[in-house]
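Participant: Got a predicted structure plus its sequence, pasted below:
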Amino acid sequence: MQNNLSARAILGFIFQEMSTHKRIWTLLIPALAAILLYAHTFSADFVYDDRTLLELNPNFQSLEIIPDAFVTPYWELVNDDANAVGFYRPLAATMFTASWVISDGNSHFFHLVSILLHAACAVALTLLCIALGWRRTIACATGSLFAILGSHAEAVAWISSQPDLLATLFVLLGMRYFVVERDVRAPLLFFLALLCKESAIAVVALCLFSVILQRRRIWWRYFLVIAAYYALRVVAFDDYTAGFGRINTHHGLNPLEQIVLSFKLLGQHLGFMSMPLDHAPFHPLMLNQGLLEPQNFFPAIGAIISIAVGLIIYLHRSPDSPSLRVGLGIMFMGIAPVLNTFALGQYPFAERFSYLSSAGFVIILTIALIRFPYRSVSYVLITLLVVGNIYSSYSGSKHWRTEADLFRWSQRVAPLAMTGHVEFGRLMLEKSQGAVDPGKRLAYAELATESFNRIDAIDVDKVFCTSIERYKANIGKADSLFLAGQIDNAKKVYQMTIDHYGKAPEAFLGLGNCASQQAFGYWSEAKNVVAKNHYSAAIHAFNTALSQNSNIDAAVIGKAKALVQLVNIEGVSSPNFQEAITASEYASRLAPHDFSLLLNLVALYDAAGERSKAIEPLRDFIGMYPQHPEIDMLRQLLFEFTSR
């Protein structure tokens with residue numbers, strides 16, 4: 001008898017262990033699918049908004065910003081001037097900051113976080129399906145399908161999309177507890193989702209509405225979550241509209257056109273989740289199109305039909321009703337924010353916007369495949385679905401590795417989007433400025449000019465372009481002309497930009513550089529009077545640039561060099577002599593690597609009879625750049641200044 005009991009205990013333990021391992025693999029398979037598919041993005045760089053948010057934003061590089069993140073709008077943590085953007089994402093800001101501090105700004109770590117968040121979302125969807133009563137194999141397959149879905153390429157490959165991933169993770173975990181009526185954890189997770197991105201708002205509101213309809217006494221918990229979220233936004237925006245009334249996109253559409261655009265976007269997202277074939281980083285808004293144009297009419301009608309069918313299914317009672325309602329709720333409510341066309345930015349259709357919605361889409365798709373009557377055909381469909389989505393995910397994410405890859409791809413697949421041309425031109429300008437060889441410098445400048453010239457072919461009456469993008473395009477074109485040696489043409493573009501925008505610090509900086517370049521030419525020809533006038537004009541332009549934006553280091557450096565040249569023309573008795581010293585000292589602190597600034601400062605100190613002041617900057621430069629080509633000359637200068 002005792003032996004039989006022992007045998008039963010052993011068998012029970014074995015079956016329990018097998019069941020445990022089955023549960024583990026149910027969750028591991030979707031996670032591994034997500035990790036393996038996107039592992040190639042691990043070595044990618046910061047691109048596009050990543051640089052603005054992280055690389056060039058000191059606020060997200062210190063943990064001290066975290067308390068401020070809960071009382072400040074999201075983009076105002078990046079730029080004080082971004083006070084028109086109605087986004088509030090304190091938890092996303094906290095995650096970015098923590099990642100930066102942990103990794104010391106390593107982009108690979110940020111991409112690892114994105115991959116792991118995507119894997120966690122796939123696991124969370126699997127857990128939700130299990131909570132809905134699905135068999136573990138089906139739940140695992142659903143989570144795995146979510147992991148490989150082609151519409152996720154942008155959201156996972158682009159670091160700036162992490163708020164979408166984090167919000168989706170908390171929504172799915174919250175829904176898991178919502179469906180099993182563990183209501184204490186569900187509201188808390190929904191609250192965390194709201195603090196990540198606005199895409200969670202409609203889903204949480206739907207859950208509150210559902211609880212009220214069911215007359216469940218715990219409705220106040222969900223109401224409290226939304227009320228607390230609203231209160232935090234009121235504090236952050238210092239406005240009782242809580243930032244929801246802010247307009248991010250001034251597209252100038254009339255109310256009917258806005259409605260059509262909303263349904264068109266909804267239809268586009270549903271279509272893209274179904275067939276994620278046409279990847280592009282930027283999808284420009286086309287203006288002045290008729291409402292019956294195919295590109296507007298068919299997506300809008302498709303969205304309306306989808307909503308109607310969804311409502312019929314939602315209200316229809318069947319064995320799958322709970323799962324269908326959850327799937328439809330997440331799918332439609334997750335994408336509901338796109339209906340507000342004023343809050344979507346320059347490119348209203350962005351692939352990452354459908355990330356949360358796609359979790360509901362996958363639930364509906366799985367139910368449809370299970371109920372499909374023809375088994376042999378369903379296996380073929382599943383195979384095509386898996387292979388097609390894996391290919392789509394890889395092909396859509398591989399272009400996000402570097403900025404050069406991203407913007408070169410954008411120019412090809414989205415030629416009407418201004419951003420690709422502007423940013424690729426910027427990259428070529430940076431290469432031109434950093435090139436030592438004159439031939440390469442000119443070649444890069446010509447590539448930049450070619451990129452900016454493509455913008456001229458974009459009809460701004462037909463394609464929505466923000467004033468910021470057009471301003472960047474003008475400045476970039478003028479900069480490329482300047483680097484290519486076409487000074488007069490560059491001056492015309494800078495002046496045109498100033499005439500149009502008024503406040504154009506980068507254009508004034510460009511005018512200052514042009515005047516300095518021309519002045520140097522006249523000075524080389526011993527035309528000192530003309531050179532002096534041009535240097536004076538350059539200094540005036542640099543001062544104007546700094547009065548409009550005091551953070552333009554290039555204007556400080558340009559002004560310092562122009563003042564030194566004026567002193568060279570006028571002599572030690574120049575009224576600009578002391579100002580030249582002060583400006584050169586400041587510029588040298590901003591650009592300690594600039595050899596010409598160092599020589600200017602040393603020469604000024606020498607002319608002023610204060611050689612001792614030159615010793616420290618000489619020592620610092622020699623210590624920082626021991627391999628500099630002119631290091632021997634600098635050491636000789638240092639020896640002469642210290643031996644007297």
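Facilitator: Ah, there it is. Residues are numbered from 1 along each chain as shown.

Participant: How about residue 509, nearest residue that isn't a chain neighbour?
Facilitator: residue 545 (4.4 Å; C-beta to C-beta, 6 or more residues apart in numbering). C-beta: built from backbone N, CA, C; applies to glycine.

Participant: tell me the contacts of that neighbour?
Facilitator: Listed by C-beta atoms under 8 Å, 6 or more residues apart in numbering, the contact set of residue 545 reads 505-506, 508-509, 512, 552, 555.

Participant: and if you look at residue 235?
Facilitator: Residues counted as contacts of residue 235 (C-beta under 8 Å, 6+ apart) are residue 71.

Participant: Where does it sit, in terms of helix or strand?
Facilitator: Following DSSP states H and E, one finds residue 235 within helix 219-237.

Participant: which is the next helix or strand following that helix?
Facilitator: Once the chain leaves helix 219-237, the next helix or strand it forms, by DSSP H and E, is helix 255-274.

Participant: tell me which strands and helices the following helix or strand past that next one is in contact with?
Facilitator: Moving toward the C-terminus from helix 255-274, the next helix or strand (DSSP H and E) is helix 294-315. If you count contacts as 3 or more C-beta pairs under 8 Å, 6 or more residues apart in numbering; DSSP states H and E, helix 294-315 packs onto helix 255-274, helix 321-334.

Participant: So for helix 294-315, what gets flagged as buried?
Facilitator: 296-297, 299-300, 302-303, 306-307, 310, 313 (16 or more other C-beta atoms under 10 Å).

Participant: Of those, which is the nearest to residue 622?
Facilitator: residue 299 (64.6 Å; C-beta to C-beta).

Participant: got a pLDDT number for that closest one?
Facilitator: Residue 299 carries a pLDDT score of 85 in this model.

Participant: gap between the closest residue to it other than its chain neighbours and residue 63?
Facilitator: Leaving aside its chain neighbours, residue 299 sits nearest to residue 267 (3.2 Å; criterion: C-beta to C-beta, 6+ apart). The gap separating residue 267 from residue 63 is 43 Å, by C-beta to C-beta, to the nearest Å.

Participant: quick one on the thing from earlier: for residue 354, find the nearest of the helices and strands packed on helix 294-315.
Facilitator: Nearest to residue 354, of all the helices and strands packed on helix 294-315, is helix 255-274, at 4.4 Å by C-beta to C-beta.

Participant: hmm, back to that, comparing residue 267 and residue 63, which shows the higher neighbour count?
Facilitator: Using other C-beta atoms under 10 Å, the more surrounded residue of residue 267 and residue 63 is residue 267, with 22 against 11.

Participant: Show me how this protein divides into domains.
Facilitator: Domain segmentation of the chain under automatic domain parsing yields 2-400, 415-485.

Participant: how about these in JSON lines, adding distance to residue 560?
Facilitator: Shown next, in JSON lines, are the domains of the chain (distance: least, C-beta to C-beta, whole Å):
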{"stretch": "domain 2-400", "distance to residue 560": "23"}
{"stretch": "domain 415-485", "distance to residue 560": "18"}
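
Participant: Minimum distance to residue 602: which of those has it?
Facilitator: domain 415-485 (23.2 Å).

Participant: Okay, now the unreliable bits of the stretch 151-300 of the chain?
Facilitator: 290-292 (pLDDT under 70).

Participant: can you do 80?
Facilitator: Across the stretch 151-300 of the chain, the ranges flagged by pLDDT under 80 are 181-183, 215-216, 245-253, 287-297.

Participant: and what of the stretch 351-500 of the chain?
Facilitator: For the stretch 351-500 of the chain, the stretches with pLDDT under 80 are 374-376, 378.

Participant: which residues of it fall in helices?
Facilitator: 355-371, 375-397, 403-413, 418-434, 438-453, 467-483, 487-501 (DSSP state H, counting those that start in this stretch).

Participant: Check the stretch 501-644 of the chain too.
Facilitator: Using DSSP H, counting those that start in this stretch, helices in the stretch 501-644 of the chain cover 505-524, 528-548, 553-570, 577-590, 595-607, 612-624, 631-642.

Participant: returning to what we had before: ranking the helices and strands packed on helix 294-315 by burial, who's on top?
Facilitator: helix 321-334 (a mean of 22; mean count of other C-beta atoms under 10 Å).

Participant: For that one, C-alpha coordinates in CSV please.
Facilitator: Taking C-alpha atoms only, helix 321-334 is exported to CSV below (Å, rounded to 0.1, in the frame of the first residue of the first chain):
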residue,chain,number,x,y,z
SER,A,321,-17.9,36.2,-27.2
PRO,A,322,-15.6,37.1,-24.4
SER,A,323,-12.5,36.7,-26.5
LEU,A,324,-14.1,38.5,-29.5
ARG,A,325,-15.0,41.4,-27.3
VAL,A,326,-11.6,41.7,-25.8
GLY,A,327,-10.0,41.4,-29.2
LEU,A,328,-12.3,43.9,-30.9
GLY,A,329,-12.0,46.3,-27.9
ILE,A,330,-8.2,46.4,-28.0
MET,A,331,-8.1,46.5,-31.8
PHE,A,332,-10.4,49.5,-32.2
MET,A,333,-9.8,51.3,-29.0
GLY,A,334,-6.0,50.9,-29.3
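
Participant: on contacts alone, who are the packing partners of it?
Facilitator: helix 162-179, helix 201-213, helix 294-315, helix 355-371.

Participant: Which of those helices sits closest to residue 417?
Facilitator: Evaluated with C-beta to C-beta, those place helix 294-315 nearest to residue 417, the distance being 15.6 Å.

Participant: Check the average confidence over stretch 586-599, would you?
Facilitator: 89.
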